[in-house]
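Undergrad: build the 3D model from these lines:
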Amino acid sequence: MEASANTFTKSIAKLRRAIGTWPIWKNLRERVEQFKQLLPLVQDLRNEGLRERHLNALKKNIGRSFDFSSDSFSLNDVFSLGLQHHANTIAELSASASKELAMERSLDELEK
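TA: Have a look, this model is predicted:
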């Protein structure tokens with residue numbers, strides 16, 4: 001996703017000469033930049049180590065409920081829940097989840 005966003009940013013920059021004065025160009029550039037700023041949040045939310053306990057802690061922290069495992073959960077839900085305002089909390093939960101997953105895997109290897 002990050003590579004695609006960077007490629008898209010370069011394409012937008014190339015269009016500046018031709019359509020840089022158009023409001024749509026500025027709007028598109030701003031939206032891509034906003035998306036690029038959200039990428040770390042999206043990556044943290046996609047962390048394979050996140051378990052129900054981490055999501056419950058997040059729900060408690062933000063004071064809202066959501067079904068992260070739902071097929072219909074989307075980037076729009078991230079915005080409507082205001083998760084971008086809790087990026088630091090999510091990053092901390094994700095880091096903890098990664099460490100816990102590493103420990104789980106190490107324990108599984110020891111048991112073999």
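Undergrad: can we go C-alpha only for contacts and neighbour counts from here?
TA: OK.
Undergrad: any regions of this structure where pLDDT drops low?
TA: Residues of the chain meeting the criterion pLDDT under 70: none.
Undergrad: now the helices for it?
TA: Here the chain has its helices, by DSSP state H, at 2-19, 23-45, 52-62, 75-81, 87-111.
Undergrad: the longest one to helix 52-62, inter-axis angle?
TA: Angular relation of helix 87-111 and helix 52-62 on a 0 to 180 degree scale: 170 degrees, by axes from the mean of the first three to the mean of the last three Cα atoms, to 10 degrees.
Undergrad: helices or strands up against helix 87-111?
TA: Using 3 or more Cα pairs under 8 Å, 6 or more residues apart in numbering; DSSP states H and E, the elements in contact with helix 87-111 are helix 23-45, helix 52-62.
Undergrad: returning to that earlier point: now render the helices of the chain as JSON lines, adding distance to residue 68.
TA: Listed next are the helices of the chain as JSON lines, based on distance: least, Cα to Cα, whole Å:
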{"stretch": "helix 2-19", "distance to residue 68": "22"}
{"stretch": "helix 23-45", "distance to residue 68": "9"}
{"stretch": "helix 52-62", "distance to residue 68": "8"}
{"stretch": "helix 75-81", "distance to residue 68": "9"}
{"stretch": "helix 87-111", "distance to residue 68": "13"}
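Undergrad: mind putting these in JSON lines, mean neighbour count included?
TA: Listed next are those as JSON lines, based on neighbours: other Cα atoms under 10 Å:
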{"stretch": "helix 2-19", "mean neighbour count": "13"}
{"stretch": "helix 23-45", "mean neighbour count": "15"}
{"stretch": "helix 52-62", "mean neighbour count": "14"}
{"stretch": "helix 75-81", "mean neighbour count": "13"}
{"stretch": "helix 87-111", "mean neighbour count": "15"}
